[in-house]
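In: Fold the following and give me the result.
(one chain, ligands or ions: 3)
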Amino acid sequence: MNNISETIAALATPLSASGIGIIRVSGDKSIELVDKIYRGKKHLTDYDANTINYGHIVDFNGNVIDEVLVSVFKAPHSYTGEDSVEVNCHGGIYVLRKVLSLIFDTGIRSAEPGEFSKRAFLNGRMDLSEAESVMDLIESGSEASYRNSIRQLSGFLSKKVKKIRSEILHEAAFVEAALDDPEHYNLDGFDSKLSVALTRWTIEIKKLISSYRQGSLLKEGINTVISGRPNVGKSSLLNFLSGHEKAIVTDIPGTTRDMIEDRVVLGDFVLNLVDTAGIRKTSDMVESIGVKKAIKAQSDAELNLYLVDSSDNLSDEDIKFLSDFDRSSTIVLLNKSDLVSNVDSDDICRYFKGHVVEFSTITGKGLDDLKNAVSDLFFDGNLDNDKFYITSEQNYNYLNDALKSLELVRSSIANGLSEDFFTSDLYDAYKSLGFILGEEVEDDLVNKVFSDFCMGK
Ligand SMILES: Nc1nc2c(c(=O)[nH]1)N(C=O)[C@@H](CNc1ccc(C(=O)N[C@@H](CCC(=O)O)C(=O)O)cc1)CN2
Ligand SMILES: Nc1nc2c(ncn2[C@@H]2O[C@H](COP(=O)(O)OP(=O)(O)OP(=O)(O)O)[C@@H](O)[C@H]2O)c(=O)[nH]1
Ligand SMILES: [K+]
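Out: Ligands and ions are numbered 1, 2, ... in the order given. Reported below is the predicted structural model:
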């Protein structure tokens, strides 16, 4: 299993009716093996590298299975860095299954999810941080997460990390040289020079570390619960934000009995929305289970959108909730603001000091205010277009490890310890940063990165 010398294949496009469907094959023998089922002007082995060629896929009895275009890549000039073939078939579920199974019959095995990208990494085509961003890119659901992942794919994080690493290595090597050969290398004044560098490195590293929470919100989306009394318009809000009728809307209170979830884009952000059952006392068994789940979802959520029906009076229940809410994670929507208003922001402010937005799921009023409120709560009001955010927990941990090692160096200097004392801490920081690039990373951690990938990537 998982042997890099084997030739692998997988569908690179979805298994569904579409214009074309692409099967990707990679490995030493990919060109000669696919040639067994290819018929064209020449053998696949005789085409020039990085060309696309017309022909047919035929079974072992010579029956035509599909009319295709086949791309031939020769190592190292391919995505994986290996010889690769891409078979562009007609995009039909049945055709693709047939061609893929023929490919397996030639002795090629099925690729595991992420295995192409993993090979690209193992063959030095991408470092680990670049490879990791491939999946972020595919999964990005908003402009901001897209921008961030394409930046990482282009080596933004790698370059930053490499620069700090090479500076650390330079200083550590200098100490070693000076200890070996004091006549030629002088450590006078070295500590203060290193202190300056330490400050610079730690500032850079802390900046990356502190971007993690926001980076993961961008990547994963903000877990958001929609709450409020029955009939305030929770399902309507979910439908409005998702742009389709996901939840049933009626004017009967208590319609929503279970949680309905959806991933919606709100400007730069993705919200993982949960519309919860109207929270209220109920004797209905099913509904009361929904209410319990709703209370749980509410406590797990990063953002709580609490709806109030502004055409109605505030209830005691509203007042109780409003007084308890944490304003760093709650936005109150005064819904139905298209109707004659009975409750305004000032009324709410007596109980809740956070963001209050006049909203209407019918006219769309308040949408921009809602976006701004989210931006305010989670991105201090400005999602910086030029800022880079780290998005993976692994990188977050590696950066923290590096920071700790550098802090040890700093305290060694402060305590007047001799230089040989802290070179090992410098090397530890160097090593931790290297893990981000995938240098000397244990196999299981590499596998962890690729295990989240989709098939054919
Ligand atoms: N059909 C197809 N489309 C695709 C990909 C793919 O693998 N196949 N990609 C991936 O999923 C992305 C593009 N990434 C790629 C990166 C490098 C090479 C490659 O062959 N590089 C060679 C040749 C470059 C050149 O001619 O200048 C090289 O770098 O040596 C191909 C695709 C998106 N679209
Ligand atoms: N005028 C007006 N009516 C709205 C608005 N939003 C929702 N409604 C109406 O309010 C009623 C209740 O809406 P729902 O979205 O089902 O409310 P809910 O909070 O999900 O209700 P439960 O399932 O009972 O918890 C429906 O008749 C909606 O059409 C709004 O912004 N303005
Ligand atoms: K309802």
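In: Count residues in the vicinity of whatever residue of the stretch 301-450 of the chain ends up closest to ligand 1, would you?
Out: Taking C-beta to the nearest ligand atom, ligand 1 has its nearest neighbour within the stretch 301-450 of the chain at residue 450, 13.6 Å off. Yep, even glycine has a C-beta here, placed from its N, CA and C like the rest. By other C-beta atoms under 10 Å, 22 other residues sit near residue 450.
In: Specify the local secondary structure of it.
Out: helix (DSSP: H, G, I helix; E, B strand; the rest coil).
In: And the next helix or strand past the lowest-mean-pLDDT helix or strand in the chain?
Out: Scoring the helices and strands of the chain by mean pLDDT, DSSP states H and E places helix 285-300 at the bottom, with a mean of 68. Counting by DSSP states H and E, the next helix or strand C-terminal to helix 285-300 is strand 303-309.
In: what pairs with that next one, and is each one parallel or antiparallel?
Out: strand 222-228 (parallel), strand 330-335 (parallel) (DSSP bridges).
In: weakest of the ones you listed in terms of mean pLDDT?
Out: Note on those: strand 222-228 shows the lowest mean pLDDT, a mean of 92.
In: Mind listing residues that contact that strand?
Out: 234, 237-238, 269-276, 278-279, 294, 297-298, 300-309, 321, 335, 374, 378 (C-beta atoms under 8 Å, 6 or more residues apart in numbering).
In: Now find how far off-centre it is within its chain.
Out: 21 Å (C-alpha atoms, centre = their mean, to the nearest Å).
In: Same check on stretch 160-173?
Out: The answer for stretch 160-173 is 28 Å, by C-alpha atoms, centre = their mean.
In: Can you dump the C-alpha atoms of it in PDB for me?
Out: Extracted C-alpha coordinates of stretch 160-173, given in PDB (Å, rounded to 0.1, in the frame of the first residue of the first chain):
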ATOM      1  CA  LYS A 160       8.500  33.600   5.100                       C
ATOM      2  CA  VAL A 161       9.400  30.500   7.000                       C
ATOM      3  CA  LYS A 162      12.500  29.800   4.800                       C
ATOM      4  CA  LYS A 163      13.800  33.200   5.400                       C
ATOM      5  CA  ILE A 164      13.600  33.000   9.100                       C
ATOM      6  CA  ARG A 165      15.000  29.500   9.100                       C
ATOM      7  CA  SER A 166      18.000  30.500   7.000                       C
ATOM      8  CA  GLU A 167      18.800  33.400   9.300                       C
ATOM      9  CA  ILE A 168      18.500  31.100  12.400                       C
ATOM     10  CA  LEU A 169      20.800  28.600  10.700                       C
ATOM     11  CA  HIS A 170      23.300  31.400   9.900                       C
ATOM     12  CA  GLU A 171      23.500  32.500  13.500                       C
ATOM     13  CA  ALA A 172      23.700  29.000  14.900                       C
ATOM     14  CA  ALA A 173      26.400  28.100  12.400                       C
END
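In: Residues touching that stretch, excluding its own?
Out: Against stretch 160-173 from outside (C-beta under 8 Å, 6+ apart): 129, 194, 197, 201, 204-205, 208, 388, 423, 426-427, 429-430, 433-434, 436-437.
In: Quick one: the helices in the stretch 351-457 of the chain, in order.
Out: Secondary structure of the stretch 351-457 of the chain, counting by DSSP state H, counting those that start in this stretch: helices at 367-379, 393-414, 423-437, 443-451.
In: what about stretch 403-422, distance to the chain center?
Out: On the basis of C-alpha atoms, centre = their mean, stretch 403-422 sits 36 Å off its chain's mean C-alpha point.
In: do stretch 351-358 as well
Out: For stretch 351-358, the distance to the chain centre is 31 Å (C-alpha atoms, centre = their mean).
In: ditto for stretch 93-101
Out: From the chain centre to the centre of stretch 93-101 is a distance of 31 Å (C-alpha atoms, centre = their mean).
In: which stretches of this protein aren't confidently modelled?
Out: Across the chain, the ranges flagged by pLDDT under 70 are 1-2, 245-259, 277-291, 293-294.
In: for it, longest helix please?
Out: helix 156-180 (DSSP state H).
In: Okay, and the residue lying farthest from the centre of the chain sits in which element?
Out: Distance to the chain centre peaks in the chain at residue 183, reaching 52.0 Å (criterion: C-alpha atoms, centre = their mean). Using DSSP H and E, residue 183 maps to neither a helix nor a strand.
In: That one and ligand 1, how far apart?
Out: Going from residue 183 to ligand 1 by C-beta to the nearest ligand atom, to the nearest Å gives 48 Å.
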